[in-house]
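> Pasted the sequence and its predicted model underneath.
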Amino acid sequence: MFCNQCQETAKNTGCTINGVCGKKEKTSDLHDLLVFACQGLALATTEARKKGIKTDVESRHIIHCLFMTITNANFDDRAIIKAINDCLSYKENLKNKVNIPSIHESVSWSASSENEFYEKAKQTGTLTFDKNEDVRSLKQYVLFGLKGMAAYAEHASNLGFEDQEIFDFIEQALIMITKPSSVEGMLQWLMHTGEYGVKVMALLDKANTSAFGNPEITKVSTGTSNNPGILVSGHDLKDLEELLIQSEGQGIDIYTHSEMLPAHAYPGLKKYRHLRGNYGNAWHRQQDEFESFNGPVLFTTNCLIPPRKTSIYNNRVFTTGPSGMPEWKYINKRLPNGQKDFSEIIELARKCPPPKPLEDGELTIGFAHNQVLNLAGKILEAINNGTIRKMIVMSGCDGRMKSREYYTEFAAKLPKDTVILTSGCAKYRYNKLNLGDINGIPRVLDAGQCNDSYSWAFVALKLKEILGLDDINKLPLEFNIAWYEQKAIIVHLALLFLGFKNTRIGPTLPGFMTPNVLKIIQEKFGVQTITSVEKDLSMVLA
């Protein structure tokens with residue numbers, strides 16, 4: 001086992017025995033083998049399309065598999081092995097239709113037993129990508145960006161929005177990783193990955209707003225009712241909509257958790273009166289919060305934590321989509337109308353007591369680009385007259401490390417003439433602080449999920465245009481981003497592609513970066529890590 005794809009990787013170098021995330025050695029190796037199998041399938045799909053053969057089903061499977069390998073998404077060996085087998089089946093089917101050159105071992109490799117899978121899995125990790133550690137580091141950088149891109153592409157696909165160019169790029173990049181390269185060549189691929197990161201976030205934004213409307217400024221309750229409830233975690237809005245439809249009028253309330261909070265701002269979802277509120281905080285506090293919720297929990301995507309041996313909620317947690325945990329039941333059955341069948345969760349909820357209250361307050365959300373641009377005149381006036389001195393983008397992920405208390409302190413100590421622009425679960429470090437407003441503009445503007453970082457890039461580009469600036473970095477805008485997993489990586493690569501410089505990321509820089517790669521990224525883009533709150537505040541406000 002060797003895994004260094006997340007911010008919490010052991011010693012900021014790599015997990016080699018068990019993952020800090022709770023992933024076991026064999027499971028980690030299977031994730032590597034699943035990527036390897038996707039490379040073989042990608043080689044087949046690209047050749048098939050040259051012959052006019054449609055490969056939509058295979059391409060969807062590739063993005064689903066990559067999503068499964070994101071940190072905290074899937075811990076279930078059975079599900080991963082099935083996905084590998086499906087890759088092999090799809091590949092063999094295409095090989096029967098078109099000649100696939102065996103330019104990489106993944107084209108010809110096959111296996112028929114789990115033991116063969118586990119043995120091969122030991123030989124397919126990222127350390128095999130290249131003998132040159134800098135090239136290998138950059139290949140990992142691209143791969144981890146692809147995983148985040150695949151997650152966004154699957155969410156969009158679930159809502160009926162796909163872009164063949166994005167499928168093509170992901171598959172071409174997977175193939176590229178199998179070939180010799182150079183640092184210069186890999187830097188070009190890194191920028192291409194950021195370019196397609198922008199495209200996939202734009203696609204998902206279009207999918208979400210087409211399906212559910214533009215987010216509206218909304219106050220969301222953090223309290224509970226006396227009805228039994230179902231708690232929805234992860235990121236997938238389509239799953240939430242289907243659960244809301246099936247549970248309507250059943251006397252059950254639906255609560256969001258962690259990154260599902262932004263659902264309350266979409267008109268097409270907030271119209272359901274039993275979408276009651278948001279329960280709890282960021283993902284890493286779930287082991288305690290699930291105990292007190294009392295009712296069923298549905299994971300639609302990643303952000304799972306293996307339960308404790310003493311956990312009492314295992315019989316009421318369900319997974320679906322790319323997520324999986326061996327102790328929890330997986331939902332994949334469909335109703336005649338095509339929706340996922342959530343009847344088992346709904347029936348279980350009826351038998352459960354109401355959630356135990358954790359707090360009783362409100363969170364204000366819904367500041368995606370459409371709403372913020374409606375406030376553009378007010379914001380520009382405040383910038384021009386000095387009422388707003390700086391806007392600080394504090395998007396990204398939350399995590400378990402004590403060092404992340406930095407973000408709470410940083411937000412609390414920002415002067416009252418600054419505004420925080422946020423998205424992702426990083427917001428939970430400061431979204432319950434009473435930071436007030438600036439002439440009616442809240443000092444924390446929450447755009448939504450991690451992919452909604454696209455909103456801040458969109459707004460920045462519009463402000464640059466309105467102000468007639470020749471460089472986006474001349475805006476009174478600073479980036480202090482918290483990262484954890486691979487979706488944050490594709491967001492950051494997208495920002496670099498768009499020309500944003502001098503971004504701060506933390507609490508640590510990625511462990512997969514070699515000293516040479518880190519030096520290149522710092523010199524080329526000004527990327528830096530956080531230091532102390534006082535020092536970073538002085539730099540940001542200079």
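Thanks, I have the structure now.
> how about low-confidence regions in the stretch 151-300 of the chain?
Within the stretch 151-300 of the chain, no stretch falls below the threshold (pLDDT under 70).
> just so I have it, where are all the helices in it?
Assigned by DSSP state H, counting those that start in this stretch, the stretch 151-300 of the chain shows helices spanning 164-177, 183-212, 237-247, 267-270, 286-293.
> same check, this time on the stretch 1-150 of the chain
Under the criterion DSSP H, counting those that start in this stretch, the stretch 1-150 of the chain carries helices at the ranges 25-50, 56-68, 77-95, 105-108, 114-121, 133-158.
> And the stretch 351-500 of the chain, by the same measure?
Under DSSP H, counting those that start in this stretch, the stretch 351-500 of the chain gives helices at 369-374, 376-384, 405-413, 453-467, 486-497.
> among those, which is nearest Asp437?
Asp437 sits nearest to helix 376-384 of all those, at 10.8 Å, using CB to CB. From N, CA and C alone the C-beta is placed, and that goes for glycine too.
> Which strands or helices does the closest one pack on?
Judged by 3 or more CB pairs under 8 Å, 6 or more residues apart in numbering; DSSP states H and E, helix 376-384 is in contact with strand 441-442, helix 453-467.
> Next, the angle from that helix to helix 453-467.
Computed by axes from the mean of the first three to the mean of the last three CA atoms, to 10 degrees, the angle separating helix 376-384 from helix 453-467 equals 70 degrees.
> Would you indicate which residues of helix 376-384 are buried?
Ile379, Ala382, Ile383 (16 or more other CB atoms under 10 Å).
> What of stretch 436-444?
Across stretch 436-444, burial judged by 16+ other CB under 10 Å covers Ile438, Ile441, Pro442, Arg443, Val444.
> Report the mean confidence score over it.
Stretch 436-444 carries an average pLDDT of 95.
> Pull up the distance across it, start to finish.
Its start and end residues considered, stretch 436-444 measures 8 Å (CA to CA, to the nearest Å).
> what about that stretch, distance to the chain center?
How far stretch 436-444 lies from its chain's middle: 28 Å, per CA atoms, centre = their mean, to the nearest Å.
> Equivalent analysis for stretch 153-173, please.
15 Å.
> Over to stretch 520-535?
The chain centre lies 23 Å from the centre of stretch 520-535; the measure is CA atoms, centre = their mean.
> Can you name the residues that contact Gly148?
Contact analysis of Gly148 by CB atoms under 8 Å, 6 or more residues apart in numbering lists Ile70, Gly197, Glu485, Gln486, Lys487, Ala488, Ile489, Ile490, Val491.
> quick one: it and Phe67, what's the gap?
Taking CB to CB, to the nearest Å as the measure, Gly148 falls 9 Å from Phe67.
> do the same with Trp328
As for Trp328, its distance to Phe67 is 18 Å (criterion: CB to CB).
> Same question for Asp341.
21 Å.
> and the two? which has more neighbours close in?
A direct count of neighbours by other CB atoms under 10 Å for Asp341 and Phe67 places Phe67 higher, at 26 against 15.
> these two touch, right, Ala10 and Lys23?
No - at 11.7 Å, Ala10 does not count as touching Lys23 under the criterion of CB atoms under 8 Å.
> between the two, who's got more neighbours?
Ranked by neighbour count (other CB under 10 Å), Ala10 and Lys23 place Lys23 first, with 23 against 15.
> if I look at the more buried one, how far off is Phe67?
For Lys23, the distance to Phe67 (CB to CB) stands at 15 Å.
> Equivalent analysis for Ala494, please.
Relative to Phe67, Ala494 is positioned 18 Å away (CB to CB).
> picking that back up, out of the helices and strands packed on helix 376-384, which is the most enclosed?
Across the helices and strands packed on helix 376-384, the average number of neighbours (mean count of other CB atoms under 10 Å) peaks for helix 453-467, which reaches a mean of 20.
> Cross-check the contact I'm expecting between Thr193 and Leu146.
Yes - the pair Thr193 / Leu146 is scored as a contact, 6.9 Å apart, by CB under 8 Å.
> shared neighbours, the two?
Counting by CB under 8 Å, 6+ apart, the common neighbours of Thr193 and Leu146 are Ala173, Ile490.
> residue at max distance from the center of this protein?
For the chain, the largest distance from the centre (CA atoms, centre = their mean) belongs to Asn385, which lies 37.0 Å off.
> Return the backbone torsion pair for that one.
Per-residue torsions, Asn385: phi -90, psi 0 (degrees, to the nearest 10).
> Quick check, pLDDT for it.
The model reports Asn385 with a pLDDT of 93.
> How much space separates it from Asp417?
Remark: distance between Asn385 and Asp417 (CB to CB) = 11 Å.
> do you know how far Met176 is from Leu33?
In terms of CB to CB, Met176 sits 19 Å off from Leu33.
> still on that earlier bit, for Gly148 and Phe67, list the residues in contact with both.
With CB under 8 Å, 6+ apart as the test, Gly148 and Phe67 reach no residue in common.
> Count residues in the vicinity of Lys309, would you?
Lys309 is flanked by 5 other residues according to other CB under 10 Å.
> again, but for the one 10 residues further on
The local packing count at Thr319 equals 27, with neighbours defined by other CB under 10 Å.
> does Glu289 really touch Ala282, like I thought?
No - counting by CB under 8 Å, Glu289 does not reach Ala282; the two are 9.9 Å apart.
> okay, now Lys271: neighbour count?
11.
> so what's it up against?
Contacts for Lys271 (CB under 8 Å, 6+ apart) come out as none.
> got it, and Thr9?
Neighbours of Thr9 in contact, by CB under 8 Å, 6+ apart: Cys3, Cys15, Val20, Gly511.
> so what pLDDT did it get?
On pLDDT, Thr9 comes in at 97.
> any idea how far it is from Pro306?
Noted for Thr9: a distance of 17 Å to Pro306, by CB to CB.
> cool, Met401 as well?
Using CB to CB, one gets 18 Å for the distance from Met401 to Pro306.
> now do Glu58
Going from Glu58 to Pro306 by CB to CB gives 31 Å.
> Residue nearest the middle of this structure, spatially speaking?
Centre-nearest of the chain using CA atoms, centre = their mean is Lys487, 3.8 Å out.
> Now it: closest residue in space, sequence neighbours ignored.
Once flanking residues are discounted, Lys487 sits nearest to Gly148: 4.0 Å by CB to CB, 6 or more residues apart in numbering.
> circling back to that earlier point, so for Cys38, which of the helices of the stretch 351-500 of the chain sits nearest?
Comparing the helices of the stretch 351-500 of the chain under CB to CB, the one sitting nearest is helix 486-497, at 14.4 Å.
> which element follows that closest one toward the C-terminus?
Counting by DSSP states H and E, the next helix or strand C-terminal to helix 486-497 is strand 504-506.
> what's the helix or strand following that following strand in contact with?
Sequence order places helix 515-525 as the next helix or strand after strand 504-506, per DSSP H and E. Helix 515-525 has contacts (CB under 8 Å, 6+ apart) with 134, 137-138, 141, 183, 187, 496, 501-503, 509, 513, 527-528.
> Relative to the helix or strand just after helix 515-525, what are the paired strands and their orientations?
Remark: after helix 515-525, the chain's next helix or strand is strand 528-529, criterion DSSP H and E. Sheet pairing of strand 528-529 (DSSP bridges) gives strand 504-506 (parallel).
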